[in-house]
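>>> using only what follows, build the 3D model:
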Amino acid sequence: MIKLRLDVDYPFPSRLKSFLFTTLNRNNSKDYLRNSKIIAKMINESQKEIQAYWFFTPHTIPDNELLRLLHAEKHELALHVANNPFAELDRLEKATKRKIKYYTVHGTARFLARLIWRRKIWEDRAPIPEDFPLQSFYEMPTLGFDLVCYDNAPSQAIKIAESSIAKGEILHVHPEWLFRRGTINHRGPFYEPLKQILQVDADLATIFIRERGFVKIAKRLELKEYEQDFIPTEEFIEKLGNRGVDIFTFLERRWCCPIPNPARTWSKTEDNVALINITTYSAWLEQIGKKTRNMIRKAEKSGVRTEIAKQNDKLAEGIWIIYNETPIRQERAFPHYGQSLQTVRGLIAHADDTYIAAYLQNELIGFIQLIHGDRIAIIAQILSLQKHSDKAVNNALIAKAVEVCASSRCEWLMYARMGNHPSLDNFKRNNGFKKFPLTKYHAPITRKGRIAIGIGLHREIKDALPERIRYLLIPVYNWVSRNKIRLRHRL
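Got it, this is the predicted structure:
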C-alpha cells in the first residue's frame, strides 16, 4: 500500500497570496486549495492501493468541492494544529462532519511566519495538552518526499520513494510545492514523480509546458502531435488549467482527419508539413522526376544496399560513427556530434521505431529512423556519411522508406516541414514530398491566455516572419550556429 501524509499548511499555490489570506483570515478565492484538489483527483484516479492522511489547519478547512473528493475509502482527515488544539479540532469536525483521529503540529521556525499565524514570538509551535484526545501521527515512520524531490531528479526520487514504500514508510508532502521549488525550506516540485508512482495522468504524458513572457503554453511533444489525432476535451483543458497552463496548442491532421467542428474560442495559425501520399511504390517512382530515379539507380550501381535493420549494438555503433563524422551538417551545428556510444545504444534500444539502413559492403553509411503513427510514418532522422555523398545514399533511403510504407499500407510519409532550409526543401520536392498546409489551434484556458493570444504571444517568432524574410535570415542563423559549436569545441 502507498501511504501519503499531506500537510495542507497554506490555502493557495502562490506563497504570497497564501501569506496575505492567512494573515487576513480569508479563503474566498477560486483557486482555494487547488493543489490539494489536483492531488486528491490523482489519488482517486489511481488503480493503486492508497491511504492518504490529510492534515488541515484552521486556514485550510476543506471546502465542499474538496470534501466530495476526499471519500473515506482512500482518504482520512486529520488536524494540523496551529494555535488552539481543542477549538481547531471542534471546528474541523463540524465543518467536515467527519470524526478526526490523528494530529500533527504546524511549526513556524521563522519570525515572519509566527506573526502570520498569530503565534507567540518565542513559540515555534503550539503546545499540546496532555488530555488532548487525538493520536499523534509523529509515531508513524515518514519520508519527506518533497525534500527528496528538491535534491534529486524525478527518476532518482521515484527510486527513493519506492524503497521507502517497501519499508512501510509514509511519503510526506506539502501540496503547495506540487509544481514549485522552494528556496529557503528546500522543498521541490513532486508532481512528476508522484504521477509516475500513482500511475495516473497518462493523457498528460506527452505534454510539455514552456513559459513565454507572462504565460504558460502547453503542447504535445515534438512529432507526437503528428502521429495521432488529438482533440482536447473539457476535462483535459481543466486539468491543464489546474496546472497553471494558460494556452494549449495542438494541430489538426488535416491531410487525413480534419476536425469537424472546432470551437469558436480556438485561435488559428497556419503551418505546413512535407508529405507523400503513398499508394504503391511504382506509382511513387512515376511521380518523381527522371533525375531522382537516376539518383536511386546510381546508388544501386555504387553498391549501396538498403534494408530494415535490427536494433542492436552493430546498428548503434554505425549510427555513432555517422553522428561523430562531422560537427557541421547542412551548414549548421549538428546536435548529435559528440554523443557517446553508450548514449546512442540507449536511444536505439528504447526506440519503438523502424530503422532503415544503407550499407556499402558491410559498412553502415546511412540510415533513416521512422516513427509509426496512425496512417502515417514520420522521418525522425535521415543521415549518411558525408564521405559517401557521391553515392546518392539519401535518395536510396527515401526510396526504401516509401517501399516499406507501401508494403505495410501506410498512407502517408512525412519529412518535417517546408521552409526551414532551401536546399533541403529542394531535396524533399525532388523525392516526391509536397508542401501540405495545416492548422494549428491555440485554445485559451485563462484570461491571461486570451490576452496573450490577442497580442500574438502564442506564435513562434519564426512562424510570424514571412517566408522570404525567413529564407534571408537562414544563412545568418547557420553562421551563428557553426561558430558557436566551433568555439565550444575549442574551449
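
>>> how close does the closest residue to residue 413 other than its chain neighbours sit to residue 107?
In space, and not counting its chain neighbours, residue 413 is closest to residue 276: 4.4 Å by CB to CB, 6 or more residues apart in numbering. C-betas here are computed from N, CA, C, even on glycine. Per CB to CB, to the nearest Å, residue 276 is found 64 Å from residue 107.

>>> the two: which is more packed in?
residue 276 (24 against 15; other CB atoms under 10 Å).

>>> what sits against that one?
By CB atoms under 8 Å, 6 or more residues apart in numbering, the contact set of residue 276 is 284, 402, 412-413, 431-434.

>>> now these as CSV including secondary structure?
Shown next, in CSV, are the contacts of residue 276 (DSSP: H, G, I helix; E, B strand; the rest coil):
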residue, secondary structure
284, helix
402, helix
412, strand
413, strand
431, coil
432, coil
433, coil
434, strand
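
>>> buried subset of these as a ChimeraX selection?
Those of these that count as buried under 16 or more other CB atoms under 10 Å are selected in ChimeraX with:
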select :284,402,412,413,431,432,433
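
>>> in contact with the residue nearest the centre of the chain, which residues?
Residue closest to the mean C-alpha point of the chain, counted by CA atoms, centre = their mean, is residue 208 at 3.0 Å. Listed by CB under 8 Å, 6+ apart, the contact set of residue 208 reads 218-221.

>>> and residue 147, by the same measure?
Counting by CB under 8 Å, 6+ apart, residue 147 touches 186-188.

>>> mind showing which ranges of the stretch 51-200 of the chain have poor pLDDT?
Counting by pLDDT under 70, the stretch 51-200 of the chain has low-confidence residues at 109-124.

>>> ok so, going back, any chance of the contacts of residue 276 in CSV, with distance to residue 175 too?
Formatted as CSV, the contacts of residue 276 follow (distance: CB to CB, whole Å):
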residue, distance to residue 175
284, 56
402, 53
412, 45
413, 47
431, 53
432, 54
433, 49
434, 51
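
>>> ok, of the contacts of residue 276, which one's closest to residue 388?
When these are compared for distance to residue 388 (CB to CB), residue 431 wins out at 18.0 Å.

>>> show me the contact partners of stretch 85-97.
Stretch 85-97 is touched from outside by 56-58, 61-62, 67, 77, 79, 81-82, 99-100, 103, 126, 128-129, 132-134, with contacts defined as CB under 8 Å, 6+ apart.

>>> please, a ChimeraX command that selects the buried ones among those residues?
Buried subset of these, written as a ChimeraX selection, criterion 16+ other CB under 10 Å:
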select :56,57,58,61,62,67,77,79,81,82,100,103,126,134
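
>>> in strands, which of the contacts of stretch 85-97 fall?
In this view, these that belong to strands under DSSP state E are 56, 77, 79, 81, 103.

>>> ok, so of the residues you listed, who is nearest residue 150?
residue 56 (23.9 Å).

>>> got the contact list for that closest one?
When the contact criterion is CB under 8 Å, 6+ apart, the partners of residue 56 are 8, 62, 77-80, 92.

>>> before we move on, the earlier item: how about a markdown table for the ones in strands among the contacts of stretch 85-97, with distance to residue 143 added?
What follows is the ones in strands among the contacts of stretch 85-97, written out as a markdown table (distance: CB to CB, whole Å):
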| residue | distance to residue 143 |
| --- | --- |
| 56 | 21 |
| 77 | 22 |
| 79 | 22 |
| 81 | 22 |
| 103 | 20 |
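
>>> max pairwise distance over these: which two?
Largest separation among the ones in strands among the contacts of stretch 85-97 by CB to CB: 77 and 81, giving 13.8 Å.

>>> can you say which helix or strand has residue 162 in it?
Following DSSP states H and E, one finds residue 162 within helix 154-166.

>>> buried ones in that helix, by neighbour count?
Buried, per 16+ other CB under 10 Å, within helix 154-166: 154, 157-158, 160-161, 164-165.

>>> likewise for stretch 164-183?
Residues of stretch 164-183 classed as buried by neighbour count (16+ other CB under 10 Å): 164-165, 169-180, 182.

>>> ok, of these, which one's closest to residue 290?
residue 179 (57.7 Å).

>>> secondary structure element for that closest one?
Counting by DSSP H and E, residue 179 is part of no helix or strand.

>>> who's in contact with it?
Applying CB under 8 Å, 6+ apart to residue 179 gives the contacts 13, 35, 189, 191, 243-244.

>>> how many residues are close by residue 83?
Using other CB under 10 Å, residue 83 has 17 neighbouring residues.

>>> residue most distant from the centroid, this protein?
Farthest-out residue of the chain from its mean C-alpha position, per CA atoms, centre = their mean: residue 131, at 50.2 Å.

>>> now do the phi/psi pair for it.
For residue 131, the backbone dihedrals (degrees, to the nearest 10) come out as phi -90, psi 10.

>>> next one: residue 376
According to degrees, to the nearest 10, residue 376 has phi -150, psi 150.

>>> any idea how far it is from residue 411?
Applying CB to CB, the value for residue 376 to residue 411 is 7 Å.

>>> same deal with residue 31?
Going from residue 31 to residue 411 by CB to CB gives 45 Å.

>>> do residue 188 as well
Residue 188 is 45 Å from residue 411, by CB to CB.
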